[in-house]
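[1] Here is my input, please return the structure:
(one chain, ligands or ions: 1)
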Amino acid sequence: MDYEVIVIGAGVGGIYQIKRLVDLGIKATVLEAGADLGGTWYWNRYPGARFDSESYTYGYSFSREVLDEWHWKERFSGQPENLRYLNFVAGKFDLRKHMQFNCKVESMRFDEAANLWRLTLSDGRTLTCRFVILALGLLSIPTLPKLEGMDRFKGRSFHTFYWPQEKVELAGKKVAVIGTGATGIQVIGEIADKVGELTVFQRRPNWSAPLSNGPISDAEMAEIRKRYDEIFKTCARTPGGFEHEPDRRGFFEVSREERVKLWDSLYGSPGFAIWLRNFREIFTNEEANAEFSEYIANRIRQRVKNPKTAEKLIPRDHGFGVQRVPMETNYFEAYNRPNVHLVDISETPLVQVTEKGLRTTERDFEFDIIVYATGFDAITGAYDHIDIRGVGGAKLRDRWNDGPTTYLGMMVSGFPNLLMPSGPQSGSASTNFPRGIETGVNWCTDLLQYMRKNGHVRADATAEAEARWTEHVVQMYSIMLMRKAKSWFTGYNSNVPGHEYGRPRYMVYNGGAPKYVQRINEVAAKDYEGIRFVA
Ligand code: NAP
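    Sure thing, here's the model as predicted:
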């Protein structure tokens with residue numbers, strides 16, 4: 001056997017996972033498809049890419065030294081700094097020597113007789129290991145629209161995920177951005193005053209509110225360092241894994257004036273406060289959600305000068321917060337600039353990419369650069385891209401054809417010794433990612449230690465345990481307005497066959513971080529109830 005454990009992916013999850021394994025003296029390696037570590041923060045180099053989580057709640061919590069030594073420069077740190085941070089952590093613990101880059105895993109098969117995994121890499125190598133830990137990322141397979149003529153365009157075009165590493169000259173250029181999700185909204189706000197002309201192609205608007213970024217001074221950072229224990233304690237207590245705690249007063253128990261007073265204080269408060277410090281009914285009650293959505297709509301009307309444009313930027317098909325809320329900096333003001341144009345492609349759809357630009361049903365547009373901010377084959381996409389075969393040669397891709405089914409979001413019945421610290425239906429997918437990732441990595445590592453201690457060579461979730469967990473995940477969706485949303489939380493992606501709207505997939509765990517942690521700890525305390533071990 002080449003390794004005891006192979007970790008796939010050297011992003012936020014993979015880095016922490018290999019740290020834990022190395023500390024335990026386990027023979028392990030990380031295989032990373034990219035040319036270097038960093039995952040999300042290695043790839044997404046588009047202008048404006050930054051945390052929507054407060055930087056000091058996003059960083060790792062496991063090392064006091066890292067907490068003491070790293071100075072976050074901004075409340076919501078940008079991509080270059082984030083990548084530097086991950087390199088700092090990897091450097092500090094000398095983790096690079098346990099990582100192999102440009103290593104794409106094409107297939108993996110479970111050998112039932114030997115109780116090990118056999119991996120085939122794109123460079124032709126095969127590797128064996130007892131356990132595979134998938135740290136693939138939730139948003140790591142970018143997707144493009146299927147437009148006729150996409151290879152015909154003579155200018156430059158790229159998905160935001162693949163924004164070039166070298167500087168892209170924007171000054172004086174005619175730029176198109178397709179897509180107005182969290183990514184598009186960050187790019188648009190950032191480049192509006194740097195390009196010649198910017199044309200935004202919007203299919204559906206998104207609810208969005210100010211990020212309110214700002215620098216963190218030395219004195220503030222010193223205060224944050226003193227508060228780290230308290231910060232992480234709060235993150236562990238809140239459903240989203242942030243410092244933001246919901247307002248626990250009943251929406252209808254306080255007066256309209258009281259509600260507006262809260263919203264006035266939240267609008268412009270940093271980060272997800274507007275989403276997560278709000279009344280809980282926003283997420284579950286149509287009437288409450290509609291009232292708050294109208295409040296935000298009026299904010300948009302106040303910020304966008306042209307009333308027709310303002311109306312086009314207000315979502316009609318969903319309420320505030322039932323999809324992931326993009327946080328913005330100067331996004332709405334961008335549309336007040338004479339060089340920024342909004343094209344509503346729900347009215348005049350894109351039909352073709354031409355040599356010179358884009359064609360809608362109405363007219364032709366000429367561009368130097370086309371930016372596709374069109375999202376991801378989220379959560380399960382990266383799993384579907386590896387040919388994973390478990391017991392009896394069963395394919396994971398087939399098993400998840402109609403959506404994922406898992407045990408605790410970390411195991412799949414019939415795929416023994418395969419662990420997913422932040423898998424579909426786990427606690428990390430719907431929370432501040434690194435907080436959930438640390439939880440998942442710790443749980444998976446504890447499981448490995450338990451198996452070592454007891455001489456087990458094989459662990460497999462039972463079909464019953466998996467069915468119970470998946471049923472619980474489905475039930476959690478039933479109370480949330482988000483179940484109806486056309487978003488990656490429900491598995492929607494118009495560019496991926498089978499992921500059309502109306503075929504809901506239960507992708508994330510909506511019970512909140514504390515309930516999730518409680519549940520997985522209970523399972524561990526009961527000798528990993530729901531998992532069948534072989535010695
Ligand atoms: P997204 O939210 O899925 O948005 C994709 C956008 O592209 C949508 O506006 C979508 O329109 C549009 N689109 C997709 N296919 C299209 C097509 N064929 N024709 C026209 N328009 C099309 O993707 P994203 O913006 O990359 O964000 C994904 C997630 O990444 C976020 O929700 C967030 O969790 C994460 N993210 C995080 C940060 C951060 O933490 N700072 C920043 C960026 C992203 P429809 O709405 O009509 O489908």
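[2] Now do the same contact list for Phe367.
    Phe367 makes contacts with Gly155, Lys174, Val175, Ala176, Thr199, Lys356, Gly357, Leu358, as judged by Cβ atoms under 8 Å, 6 or more residues apart in numbering. To be clear about C-beta, it is placed using only N, CA and C from the backbone, and glycine gets the same treatment.
[3] now swap in Phe283 and tell me
    For Phe283, the set of contacting residues under the criterion of Cβ under 8 Å, 6+ apart consists of Asn289, Gly321, Val322, Met480, Leu481, Met482.
[4] Arg130 reaches Asn115, doesn't it?
    Yes: between Arg130 and Asn115 a contact is recorded at 7.0 Å, counting by Cβ atoms under 8 Å.
[5] Mutual contacts of these two, please.
    Taking Cβ under 8 Å, 6+ apart as the contact criterion, the residues that touch both Arg130 and Asn115 are Asn417, Val457.
[6] So what's the residue count around the closest residue to the ligand within the stretch 351-500 of the chain?
    Of all residues in the stretch 351-500 of the chain, Gly375 sits closest to the ligand, at 2.7 Å by Cβ to the nearest ligand atom. Gly375 has 27 neighbours, counted by other Cβ atoms under 10 Å.
[7] Among the contacts of Phe367, filter down to the buried ones and hand me the ChimeraX syntax, if you would.
    Command for ChimeraX that selects the buried part of the contacts of Phe367, burial taken from 16 or more other Cβ atoms under 10 Å:
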select :155,174,175,176,199,356,357,358
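[8] any idea which of the contacts of Phe367 is closest to Ile379?
    Ala176 (27.8 Å; Cβ to Cβ).
[9] still on that earlier bit, quick one: the contacts of Phe283 as CSV, columns for pLDDT and distance to the ligand too.
    As requested, the contacts of Phe283 are exported to CSV (pLDDT from 0 to 100; distance: Cβ to the nearest ligand atom, whole Å):
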residue, pLDDT, distance to the ligand
Asn289, 97, 18
Gly321, 94, 12
Val322, 93, 12
Met480, 89, 16
Leu481, 91, 16
Met482, 88, 12
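[10] Out of those residues, which sit inside helices?
    Taking DSSP state H as the definition of helices, these contribute Asn289.
[11] burial count for Glu166?
    In terms of burial, Glu166 registers 6 neighbours under the definition other Cβ under 10 Å.
[12] I'd like the distance between Glu32 and Val175.
    Taking Cβ to Cβ, to the nearest Å as the criterion, Glu32 is separated from Val175 by 31 Å.
[13] The stretch 101-250 of the chain against the ligand: which residues are in contact?
    Residues of the stretch 101-250 of the chain lying close to the ligand (Cβ under 6 Å from any ligand atom) are Leu139, Pro145, Ile178, Gly179, Thr180, Gly181, Ala182, Thr183, Gly184, Gln186, Arg203, Arg204.
[14] Kindly state the beta-bridge partners for the nearest residue to the fifth one once chain neighbours are set aside.
    Yep, that's Thr180 we're talking about. Distances taken as Cβ to Cβ, 6 or more residues apart in numbering put Gln202 closest to Thr180, at 4.8 Å, once the chain neighbours are dropped. Using DSSP bridges, the bridge partners assigned to Gln202 are Asp344.
[15] tally of neighbours for Gln202?
    Residue crowding around Gln202 was assessed by other Cβ under 10 Å; the count is 19.
[16] residues contacting it?
    For Gln202, the contact set (Cβ under 8 Å, 6+ apart) comprises Thr180, Lys312, Leu313, Leu342, Val343, Asp344, Ile345, Ser346.
[17] Let me have those in JSON lines, adding distance to Ala90 and pLDDT as columns.
    JSON lines is the format used below for the contacts of Gln202 (distance: Cβ to Cβ, whole Å; pLDDT from 0 to 100):
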{"residue": "Thr180", "distance to Ala90": "34", "pLDDT": "98"}
{"residue": "Lys312", "distance to Ala90": "44", "pLDDT": "98"}
{"residue": "Leu313", "distance to Ala90": "41", "pLDDT": "98"}
{"residue": "Leu342", "distance to Ala90": "42", "pLDDT": "98"}
{"residue": "Val343", "distance to Ala90": "43", "pLDDT": "98"}
{"residue": "Asp344", "distance to Ala90": "45", "pLDDT": "98"}
{"residue": "Ile345", "distance to Ala90": "42", "pLDDT": "98"}
{"residue": "Ser346", "distance to Ala90": "44", "pLDDT": "97"}
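[18] which one among those gets closest to Cys103?
    For these, the nearest to Cys103 is Thr180 (34.9 Å; Cβ to Cβ).
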